[in-house]
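K.L.:
pasting the structure only:
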Ligand code: ZN
């Protein structure tokens, strides 16, 4: 990674980590999901106002590290007004970028999200960066359960122990 991109990465993460955009509950939400990354302690709730096939509005709230907060903040900016298909395609491209796989040609442009390429240099942070995206996808699917980055980990104290099996594996 060039030093320019590294500077931009740090600047952007700090900015969005400190002043997250689209932060707070969404009154018009008709889909929500919770995400939890026990390795870092990140906890986020993603709210979607899904109108037909379009993410009319998207917000999030929760507490996490700078990377998970910045990732959620930039995700909401990137996905507002997008179709479900576009959102899923962007997630795939984002995931490919930060895990170091070459994104397939012809996919949607990542725009500002490209700064997350810097996460590659910090492998333990990949789950922090992808948590909001996995949570968004769970909200889209309407699964209504907590997404954990660690399968089998205790995802939420509010969850019944009987729900522990069959939790989707993340990352
Ligand atoms: Zn984190």
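P.N.:
Happy to help now that I have it. Quick caveat, the model's predicted, so the values are computed rather than measured.
K.L.:
contact partners of the helix or strand harbouring residue 11?
P.N.:
Using DSSP states H and E, residue 11 sits in helix 3-18. The contact list for helix 3-18 (Cβ atoms under 8 Å, 6 or more residues apart in numbering) reads 1, 65-67, 69-70, 73-74, 112, 115-118. For the C-beta atoms, the positions are set from N, CA and C on the backbone; glycine is no exception.
K.L.:
at which residues are the strands of the protein located?
P.N.:
31-37, 42-51, 54-63, 147-148 (DSSP state E).
K.L.:
and these: which comes nearest the ion?
P.N.:
Of all these, it is strand 42-51 that lies closest to the ion, at 4.2 Å by Cβ to the ion.
K.L.:
list the pairing partners of the closest one within its sheet, with orientation.
P.N.:
strand 31-37 (antiparallel), strand 54-63 (antiparallel) (DSSP bridges).
K.L.:
can you list those strands in CSV and add mean neighbour count?
P.N.:
Shown next, in CSV, are these (neighbours: other Cβ atoms under 10 Å):
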stretch, mean neighbour count
strand 31-37, 24
strand 54-63, 20
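K.L.:
export those strands to JSON lines and tack on mean pLDDT and distance to residue 131?
P.N.:
Output for the strands paired with strand 42-51, formatted as JSON lines (pLDDT from 0 to 100; distance: least, Cβ to Cβ, whole Å):
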{"stretch": "strand 31-37", "mean pLDDT": "97", "distance to residue 131": "5"}
{"stretch": "strand 54-63", "mean pLDDT": "98", "distance to residue 131": "9"}
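K.L.:
could you dump those into CSV with distance to residue 18 added?
P.N.:
Shown next, in CSV, are the strands paired with strand 42-51 (distance: least, Cβ to Cβ, whole Å):
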stretch, distance to residue 18
strand 31-37, 20
strand 54-63, 13
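K.L.:
got CSV for these, with distance to the ion too?
P.N.:
Converted to CSV, the strands paired with strand 42-51 look like this (distance: least, Cβ to the ion, whole Å):
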stretch, distance to the ion
strand 31-37, 6
strand 54-63, 10
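K.L.:
and the nearest residue to residue 76 once chain neighbours are set aside, what does it touch?
P.N.:
Excluding the flanking residues, the one nearest residue 76 by Cβ to Cβ, 6 or more residues apart in numbering is residue 22, at 3.8 Å. Counting by Cβ under 8 Å, 6+ apart, residue 22 makes contact with 58-60, 73, 76-77, 80.
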